[in-house]
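In: Pasted the sequence and its predicted model underneath.
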Amino acid sequence: MKLNRLETHDRYQCFIKQSFDIASCCQDLINQRPFGNHPFYIFAHARTEEDGATKRLIWQPRLTKPKAQTNSMLFKAYPGSDLIKVIWMIPARELWGQYTKGNVTENQTVLESIQDFVYYRKKLEQKEPDDLSDEQIDAIYRELSLESKRKQHIESLYSKPNSSEESSVSLGS
């Protein structure tokens, strides 16, 4: 097999650069602490734009584990620490061959994720031992909802004009 060294090197550099972007996106979400100090999942999945060709990666913090799907990644973040656990990294089906042993883009984590997705999907989707209970998750979501309503109420108080500030116009006779 003939390889173009420059093209292979460029693809490898692109692959390496992508890894750094993943880490920075995860760290940005962890720094936001969407659920306070509670551990949470970071679900990254690609979606196609309305033009039908452009794809974007959506990064979603979650308290519950989503169903495993192709073209997605799932991490578990622990705010207050530098620990990020990789749960899965499953590329689109048509790209699976690129990650096999012997390829420049070989990746053990991706290979294991694909194997688990094909043969042990329930293992990927089962709760982690350190997951919060359903009651704890509900309480966190209720608190977030109340906080959002409080913020909206405060904003509405400051955005309404005060009746004493309204000016009156007198018409001369």
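Out: Yep, it's here. Numbers count the residues shown, from 1 in each chain.
In: Who does residue 41 form a beta bridge with?
Out: Beta bridges link residue 41 to residue 62, residue 76, judged by DSSP bridges.
In: That one contacts residue 63, doesn't it?
Out: Yes - between residue 41 and residue 63 a contact is recorded at 7.2 Å, counting by C-beta atoms under 8 Å. No exception for glycine: its C-beta is placed from N, CA and C like everyone else's.
In: Can you show me the strands along the protein?
Out: 40-48, 55-62, 72-77, 84-90 (DSSP state E).
In: Looking at the ones you listed, spot the one closest to residue 145.
Out: strand 55-62 (15.4 Å; C-beta to C-beta).
In: Residues contacting that closest one, please?
Out: 25-26, 28-29, 32, 34-35, 40-49, 77 (C-beta atoms under 8 Å, 6 or more residues apart in numbering).
In: which of those are buried?
Out: 25-26, 29, 34-35, 40-45, 77 (16 or more other C-beta atoms under 10 Å).
In: Distance-wise, check the spatially closest residue to residue 30 that is not a sequence neighbour relative to residue 84.
Out: Of all residues not flanking residue 30 in the chain, residue 77 sits nearest, at 4.8 Å (C-beta to C-beta, 6 or more residues apart in numbering). Distance, residue 77 to residue 84, by C-beta to C-beta, to the nearest Å: 5 Å.
In: Just the pLDDT for the residue positioned nearest the centre of the chain.
Out: With distances taken as C-alpha atoms, centre = their mean, residue 59 lies nearest the centre of the chain, 2.5 Å away. According to the prediction, residue 59 has pLDDT 89.
In: Then residue 13?
Out: The predicted local confidence for residue 13 is 60.
In: With residue 112 instead?
Out: Residue 112 carries a pLDDT score of 93 in this model.
In: Which two among the buried ones among the contacts of strand 55-62 are spaced furthest apart?
Out: Maximum distance among the buried ones among the contacts of strand 55-62 (C-beta to C-beta): 19.2 Å, for 35 and 45.
In: okay, and the helix or strand of the protein with the least pLDDT?
Out: helix 5-32 (a mean of 68; mean pLDDT, DSSP states H and E).
In: ok, residue 88 touching residue 111?
Out: No - look at residue 88 against residue 111 with C-beta under 8 Å: they stay out of range, at 11.3 Å.
In: higher neighbour count, those two?
Out: residue 88 (19 against 15; other C-beta atoms under 10 Å).
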